[in-house]
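Peer 1: Sequence first, then the predicted structure, then my questions.
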Amino acid sequence: MSLIAHLARMEAVAAGRAQPLATVRHRRLAERPLVLVPLTTAGEAGAPLGALVGTDPEEPRLLVVPQPRDRELRFAFLAELAEEVLPYVDGFADAVEPVERKDSATGEKVRVELCLDAPQLIVPSRAGIEYVRLLGRSTRFRRTAEQDPDTPYPAPPRVPLLGRWLTHYGERARVPGSSLLLAATDLLNRHWATGQSSLEDQHLGALLAWIDPADGERGDRAAHRAELARDERGQLLCPPAGPATDPAFDNQLLAPAIEAYDRARQAVGAAEDGETADAALAGLHRAEREVRRLVVSQLKPTWDATWRALGLLRALPEGARVEDRWTRDRWSFTAHRDRIAAGEPPQPRRDDAVTAAAKLAAREQAQGQLDAQEALDDPLVLAGRRLSGEAFAAEVVEVVRAWTESKRPAPRPLLTVRTEDRPHLDPGAKVYRSLDGKPQSAEFVGREEDGSLVLRLLDRMGRSKEPAEGTVPEKGERIAWTLFEHDARVGPRLPDPEETPWTHGGPPRHADTAELPDAVTPEDLL
Amino acid sequence: MSASLDDGGSRPPQTTDPVPTPASRRRTRERLAELRGPAVPPRPLDARALAALAANPGCRRRALLDGAGVDKGALASRLGAPAPFGQSQFAIVRGNSFEAKVKADGGRELLRLLGVEDPGTVSVPDLSASGPEGRTARTALALREATAGDGWTLLDHPLLTLEVAGSPVHLEPDAVVVDPAGRWTVVEIKSFPMIDGAADPAKVGAAARQAAVYVLALERVAALTEGAAVRHSVLLVCPKDFSNLPTASVVDVRKQRAVTRRQLERLTRIDEIADALPEGLSFDVAGRSAEELSAAVEAVPHAYAPECLAACELGFHCRSRAREAEAVQTLGRSVRGELGGLTTIGAVLAAARGDDGEPEDPAVAALRRARALRQDALAEAEAAACR
């Protein structure tokens, strides 16, 4: 983190309240995002305990697994989750616009569909994003009875499809600047600096205490309470944002309730006549209600906190280039929709070398693009780049008309600019400014004696000898220049997958790409 | 590879370090027992204490309390800042049943994970004995016998000692396997899953650091055992995917071992820390009042960093103290680097405002520029919002 961000954190300490790190919102917030707050069982990989899910803060759907070790109950949970998530996702699949796109193989223009909008998934914390990936991994290779009548423990019909979507979203969340799957803590941390460390910032309750304290209480005190305060029974007042639960909750409340549920189920099984069976069933309902009550007591505060975070972020105006990144997200969504419609197999357990290299290159490029776009959208982000010498704001003090010396002279005006910033410039270095949203480049020529800089404008001035109207800055104009490109490409283009040399893994294997489902044994947990 | 990094045996010369004599060792032991409270048995260094050692080797407070075997969890509760650590009984039950499964069948399952399909008879010696000294002696004996023998041996929960800052601490690995050639392998059994052959890197890193400490402790025993060698790769056993079937991976811990060894060598000796304390001080959780305990803890300097919160029981207590002192490292270790000699938040802000600090100091100049740029940008955004 940069000095300017450290300074913001210290100002937050002094003020007792979080300070802005951004003046615009750098991520898309969908009009109707789907919020998912999952809880998992301690010590079990991917054995969900419950979740709140929905698009309406007032009406979450509660899903609970009263005995997480029971496979049937877990499948029921996943089937219900699929019932919530898949209709939401499908709701975006049909509204499309036609777009012309260059086909990468033939180079010709083809008309394809692009979904007008994409579904957005919000989880409370970064661990929640990992959990979405984990759920995706644990369900996408499941077989349903329809796919394979001999499968020993068939999954409910839509669960494998849910797994494929969750996997896609989990994977997309690793692309810098993407907004398909976001964590509330990451969103808040991008836009505010608290008076605590970035490790402590992973606690959603503490983070909100700094950013939006109740009754003007000091952030550190409110955050401390959110982290540690317990009631007279030793339970946290602000339960963790999951998916892990607090051990004290597990040991004191949840474990006895699950035991009572198990006993009630045994009683139902042991009931011999109608009367005892009725009583036992009533007991089972009571026991299940108790587990549900406990689980919701841990989920609801996080559900509310996540929506509160979204509300705070909505108050910020969206950055100008967020739309551009969201369009990429829409492409990502559309592409996966098409893969599923085409009947392609689920994503493999591990990417082959070519896919992995392509993903890494794409993420690296996305990171460069995100850094540049955020700086262009937001003076506060640009301030950080100016401090580190990667950008400068300058006033134009003189414009000298000049041309190239070729047969058809093209304009190459010289600008003298004055700046207080200290850019790291060598003669010949290129600098860029944004002209109507497009980058215009200039070359650094040298320094004048009074310290002002001389730049030669290089492009975007039209084809004629005289530069087009408005393309050359005027005297007195104040302009932000960057030393980094606005739309940087990283590295050379990768060859087509079929052209990959054997030294780099060779062409991808297409035969039998469908992976086998996980081996299932009676004691397996998922 | 440079020889100084790693390769066993020779300890680099220590300048200030007098060779400990049996008498000085006894004196240190007595002093630490006094600090702990004479009636209190010392706590062995558990996984969390080892993680804390790795996270913050330079903290004297942690070094002394761990070295003396004080129950830091109980101490933190008495200080009014109870540690938020705890283990869910679901995780404990699952972890125990998994460990039992791994060690089932007289150790043959574990050897299968090590890649030995037909080990012949596996001997699993009984290591129980009274008291930690008895158990470490029993472990050393079993290791010697196993090395001399020509079969496979599985030591279930052996007890080892390691000298940390001049005082011995007890360590208990999950298992140690001795092969027919006399090589010893540390086995770590963890309950986090290995999914598609990969586990959470942070958890694997913690397990590797922990195992590296066991390797160092075993090397002390191996040095006294003929024909013995300690392997510098350990066997990490985890549940496979979403099942509770075990799967294993060999983890090379040479790097972690070298790092830990260097850290251990550089630790301020605990007897020096203890000698600097006033007489009569005690961390006896049962015998002293909260005020006395608090004063005792304050007498030993801490080196709080936010990483402590996840590794040390006293983390929240030290954080409160560090925040009261406005220490900049409460915001993260990296913050300190760019601020030169400014160590408190108040001093940094005063320097940035121009109220204090030398303008020629590069750190102060950078802060002033940072503040000016930040103010400008905020004002610009506000003006844009009003338009």
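Peer 2: Great, that's in hand.

Peer 1: if I pick A:Asp220, what's in contact with it?
Peer 2: Residues in contact with A:Asp220, defined by Cβ atoms under 8 Å, 6 or more residues apart in numbering or on different chains, are A:13, A:16, A:195-196, A:210, B:323. Yep, even glycine has a C-beta here, placed from its N, CA and C like the rest.

Peer 1: so which two of those are the farthest from each other?
Peer 2: A:Trp210 and B:Arg323 (13.3 Å; Cβ to Cβ).

Peer 1: Of the two, which one has the most company?
Peer 2: Ranked by neighbour count (other Cβ atoms under 10 Å in any protein chain shown), A:Trp210 and B:Arg323 place A:Trp210 first, with 27 against 18.

Peer 1: Helix or strand: which one has that one?
Peer 2: When elements are assigned from DSSP states H and E, A:Trp210 belongs to helix A:204-211.

Peer 1: so what does that helix touch, helix or strand wise?
Peer 2: Where contact means 3 or more Cβ pairs under 8 Å, 6 or more residues apart in numbering or on different chains; DSSP states H and E, helix A:204-211 is packed against helix A:184-191, helix A:219-228, helix A:274-314.

Peer 1: Of these, which is nearest B:Ile273?
Peer 2: helix A:219-228 (28.7 Å).

Peer 1: where do the strands sit along the stretch 1-150 of chain B?
Peer 2: Using DSSP state E, counting those that start in this stretch, the strands of the stretch 1-150 of chain B run over B:122-123.

Peer 1: in it, which spans are helices?
Peer 2: Secondary structure of the stretch 1-150 of chain B by DSSP state H, counting those that start in this stretch: the helices cover B:22-36, B:47-55, B:60-67, B:72-78, B:89-102, B:108-113, B:131-148.

Peer 1: I'd like the ones you listed written out as TSV, with distance to chain A added.
Peer 2: Shown next, in TSV, are the helices of the stretch 1-150 of chain B (distance: least, Cβ to the nearest Cβ, whole Å):
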stretch	distance to chain A
helix B:22-36	27
helix B:47-55	11
helix B:60-67	17
helix B:72-78	11
helix B:89-102	3
helix B:108-113	15
helix B:131-148	27
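
Peer 1: now, of those, which is deepest in the fold?
Peer 2: Across those, the average number of neighbours (mean count of other Cβ atoms under 10 Å in any protein chain shown) peaks for helix B:60-67, which reaches a mean of 25.

Peer 1: circling back to that earlier point, by mean pLDDT, show me the worst of the helices of the stretch 1-150 of chain B.
Peer 2: Comparing mean pLDDT over the helices of the stretch 1-150 of chain B, the weakest stretch is helix B:47-55, at a mean of 75.

Peer 1: What lies in contact with that one?
Peer 2: Contacts of helix B:47-55 (Cβ under 8 Å, 6+ apart): B:43, B:45, B:62, B:66, B:72, B:85, B:164, B:171, B:206, B:209-210, B:213, B:259-260, B:263, B:305, B:307-308, B:310-313.

Peer 1: Tell me what angle the helix holding A:Trp210 forms with helix A:274-314.
Peer 2: 30 degrees (axes from the mean of the first three to the mean of the last three Cα atoms, to 10 degrees).

Peer 1: what does helix A:204-211 rub up against?
Peer 2: With Cβ under 8 Å, 6+ apart, helix A:204-211 has contacts from A:12, A:17-18, A:124-125, A:184-185, A:188-189, A:192, A:194-196, A:200-201, A:217, A:219-220, A:222-227, A:238, A:241, A:301-302, A:305-306, A:308-309, A:312.

Peer 1: Centre of the chain to that helix, how far?
Peer 2: 19 Å (Cα atoms, centre = their mean, to the nearest Å).

Peer 1: Please apply the same query to stretch B:40-54.
Peer 2: On Cα atoms, centre = their mean, the centre of stretch B:40-54 falls 7 Å from the chain's centre.

Peer 1: As JSON lines, the contacts of A:Asp220 with distance to B:Ala248 would be great.
Peer 2: What follows is the contacts of A:Asp220, written out as JSON lines (distance: Cβ to Cβ, whole Å):
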{"residue": "A:Val13", "distance to B:Ala248": "47"}
{"residue": "A:Gly16", "distance to B:Ala248": "51"}
{"residue": "A:Gly195", "distance to B:Ala248": "45"}
{"residue": "A:Gln196", "distance to B:Ala248": "39"}
{"residue": "A:Trp210", "distance to B:Ala248": "44"}
{"residue": "B:Arg323", "distance to B:Ala248": "44"}
